[in-house]
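>>> Sequence and predicted structure are below.
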Amino acid sequence: MKSRRSFLKKLGLSVAAIPFAGSIAKAETMEIVSDENDRGRINKPIVLSTWSFGQVANQSGWDILSKGGTALDAVESTARFVESDLTQKSVGLGALPDRDGFVTLDACIMDEKGNCGSVMFLENILHPVTVARLVMEKTPHVQLVGEGAQQFALDNGHELHPAPTESSKKDWENWKLKNNYEPKHGIDNHDTIGVIALDINGNLSGACTTSGLAFKMRGRVGDSPIIGAGLFVDNEIGAATATGTGEEVVRICGSHLVVELMRQGYKPAAACKEAVSRIIKRSPKYTKDMIIGFLALNKKGEYGGYSTREGFEYGVYDNNGSTLKKAEFIEK
C-alpha cells in the first residue's frame, strides 16, 4: 500500500505545506464569507448623540458626514452646536454653575487612530471641545486643566466669555436658599452630550462636552472628559459614550468596558446593558434618583443604548433620516 507521504508527493505537495495551505484556505474562505455577509449592510455614515438636544445637534454632524467628511469633524461640530446654545443648562457657558457660582466646563475628543485630547475645569471658553481637539493635535499631552487649559485656549485664538448667564445665576441663587450646598442628582441633571460617529470611510470618532453636575463642589470633575470613562473609541471595534452620574461611570471605566464587551461579541445595546448592570450591582451608594446611560456604535453601524432608569433618549442621524430613540432601562 502506498504511503500517505508518497501519495502527497505525487500531488506535488509536501506534508509540511498542508497545514499552511489549509490555514490560508480557511482564512480566505472566512474573509469571503465575511465580505458577503457585510456587503451593502454597513450602516454608514451615522452620527449619534445623547439626549433630545443631541438629535437637534446631529444635523450639524450629518451635514459633514453626508458630504464625505470625517467622523472627527462631525463629532466636534455636533458638540459645538450644543455648546453654542446658551439656553442649555447642562452643557456650555449657559449651564448651571458649581455651588460657589462658577461655570466650569469639561470636554474630550478621540479619533480613529486612538489620538485624544481633554480639558477639565475650564472657565469662560465657549467651545471646550475644540480646545480638547487642539490639545490632541498640537501638544504631546492628553489632558489640560484649569488655568493652564484656559491659557492654552487663549493662546490658540479663543476668547473669554462671561458666565454664568443671568438665567443660570438666578437658578443658582434660588438653589442656595434651600439645598444646603448639596449637588443636584436626577434625570433633570444629566449634564452631558456625548457624540459618536462612523464616516463613509468606516472610521469612528467621538466627543463629549459638559458643565458637569449642577451645583457640584468646586473642582469636581466627572466622567465626561476622561478617556475610557465618558468616551472611548477603538476603530477596530466601535465607540461608546456615557451620560449621567459620572462618579459611577468612572468606577467601572464605563465606555471602555462597553467597547471591550463589543470586542467579545456583544451587540451595542447588550454591551450597554451589561455596563449598567455592573454599576447597579457594585455601587452601594446607588439610588433610584440617579440616571446613568451608555450609547454605543460598532463598525457595522449597529447602535444601541441602555440606562439605569426610564428617560434616557438619544438622537440618531443616518441615511434613514433623523430620529430620537428611547433607550431601554433596568429599573422599573
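Yes, it's here.

>>> Let's check: the centremost residue of the chain is which one?
T241 (2.7 Å; C-alpha atoms, centre = their mean).

>>> Just give the nearest non-adjacent residue to that residue, would you?
In space, and not counting its chain neighbours, T241 is closest to G194: 2.9 Å by C-beta to C-beta, 6 or more residues apart in numbering. Glycine gets a C-beta too; all of them are placed from N, C-alpha and C.

>>> so that neighbour touches G230, yeah?
Yes: counting by C-beta atoms under 8 Å, G194 does reach G230; the two are 6.6 Å apart.

>>> Now do the shared contacts for those two.
208, 224, 241-242 (C-beta atoms under 8 Å, 6 or more residues apart in numbering).

>>> Closest one of the residues you listed to N156?
The closest of those to N156 turns out to be C208 (C-beta to C-beta; 20.0 Å).

>>> That closest one - that's part of a helix, no?
No: C208 is assigned strand when assessed by DSSP: H, G, I helix; E, B strand; the rest coil, not a helix.

>>> What residues does I196 make contact with?
Contacts of I196 by C-beta under 8 Å, 6+ apart are 47-48, 75, 204-206, 231, 233, 239-241, 295-297.

>>> possible to save these as a markdown table with secondary structure, pLDDT and distance to H127?
Formatted as a markdown table, the contacts of I196 follow (DSSP: H, G, I helix; E, B strand; the rest coil; pLDDT from 0 to 100; distance: C-beta to C-beta, whole Å):
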| residue | secondary structure | pLDDT | distance to H127 |
| --- | --- | --- | --- |
| V47 | strand | 98 | 18 |
| L48 | strand | 98 | 21 |
| V75 | helix | 98 | 13 |
| L204 | strand | 98 | 22 |
| S205 | strand | 98 | 17 |
| G206 | strand | 98 | 17 |
| L231 | strand | 98 | 17 |
| V233 | strand | 98 | 20 |
| A239 | strand | 98 | 21 |
| A240 | strand | 98 | 23 |
| T241 | strand | 98 | 18 |
| L295 | strand | 98 | 22 |
| A296 | strand | 98 | 26 |
| L297 | strand | 98 | 24 |
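
>>> can you pull out the helices in the protein?
4-10, 17-38, 52-65, 71-83, 128-138, 146-155, 166-176, 246-251, 254-263, 268-282 (DSSP state H).

>>> And the shortest one, what's buried?
Counting neighbours by 16 or more other C-beta atoms under 10 Å, one finds that the buried residues in helix 246-251 are 246-250.

>>> got CSV for those, with pLDDT too?
Shown next, in CSV, are the buried residues of helix 246-251 (pLDDT from 0 to 100):
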residue, pLDDT
G246, 93
E247, 92
E248, 92
V249, 95
V250, 96
